[in-house]
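Q: Provide a 3D model corresponding to the input given below.
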Amino acid sequence: MSDLIELTEAGDGIRITLAYATPDNLTGRAVYAPGACCALRPEAARCLRRAVRAARQSGHVLQVFDSYRPAAVQQIFWDLISDPRYVADPAQGSNHTRGVAVDLTLLDTHGVALDMGTGFDAMCDQSHHDRDDLPVMVQRNRQLLLGIMLQAGFRSIPTEWWHYELPDAADYALIPEDSKVRVQA
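A: Below is the predicted model:
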């Protein structure tokens, strides 16, 4: 049995917009079952809660697009975009499917997303962290999110400004599709 912690808007002070529960994502359709929730392993949930506090101190709110992801959904993404820079091969496992990765952005005090230069799920070079050809404000916004997430205990990946995971993510077992996932508040 794998334990995941459910994170909520009211309880955790985040905005939750699970992109894959809607058609507003790279597949163009909802791929999560109705009732999908934002959930992470306890270690990742603790880090995200630290990030929430750090974001709040800077006058921002975190908006979560994805967290734990079922293996079947990872396969859908791989079938669509089999580019390992952006989508993990399901045979190797995704850190989302391990329950230790989160995709997110920052909102300002009015609930407006900061300009990060590309949208979430933009699988292109402009989404990479090391871009110096983006407007200065976009670079600042990405650096602010990066600083918040690193300070909270996550690490980034080079190709997606929105993706953060535990430093030892590969040490966690994949959560099998047929396992009982117990979600705790």
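Q: pLDDT score assigned to Ser2?
A: On pLDDT, Ser2 comes in at 61.
Q: may I ask you to confirm that Gly11 belongs to a helix?
A: Yes. Judged by DSSP: H, G, I helix; E, B strand; the rest coil, Gly11 forms part of a helix.
Q: and the strands in this protein?
A: 2-7, 15-16, 38-40, 61-66, 101-107, 155-157, 160-165, 181-184 (DSSP state E).
Q: run through the residues that contact Gln139.
A: Neighbour list for Gln139: 131-132 [criterion: C-beta atoms under 8 Å, 6 or more residues apart in numbering]. Quick note: C-beta positions are derived from backbone N, CA and C, even for glycine.
Q: check Val100 too.
A: With C-beta under 8 Å, 6+ apart, Val100 has these contacts: 40-41, 43-44, 165-166, 169, 172.
Q: could you dump these to a markdown table with neighbour count and distance to Arg29?
A: Formatted as a markdown table, those follow (neighbours: other C-beta atoms under 10 Å; distance: C-beta to C-beta, whole Å):
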| residue | neighbour count | distance to Arg29 |
| --- | --- | --- |
| Leu40 | 25 | 24 |
| Arg41 | 23 | 28 |
| Glu43 | 15 | 32 |
| Ala44 | 28 | 27 |
| Glu165 | 23 | 25 |
| Leu166 | 22 | 29 |
| Ala169 | 21 | 27 |
| Tyr172 | 20 | 29 |
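Q: which sections of the protein are below the confidence cut-off?
A: Scanning the chain for pLDDT under 70 picks out 1-2, 177-185.
Q: quick one, helices of it?
A: Applying DSSP state H to the chain gives helices spanning 9-12, 42-57, 71-80, 136-152.
Q: tell me which of those helices sits nearest to Thr105.
A: helix 136-152 (6.8 Å; C-beta to C-beta).
Q: let me have the helices of the chain in a markdown table, extended by distance to Gly111.
A: Output for those, formatted as a markdown table (distance: least, C-beta to C-beta, whole Å):
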| stretch | distance to Gly111 |
| --- | --- |
| helix 9-12 | 12 |
| helix 42-57 | 13 |
| helix 71-80 | 27 |
| helix 136-152 | 15 |
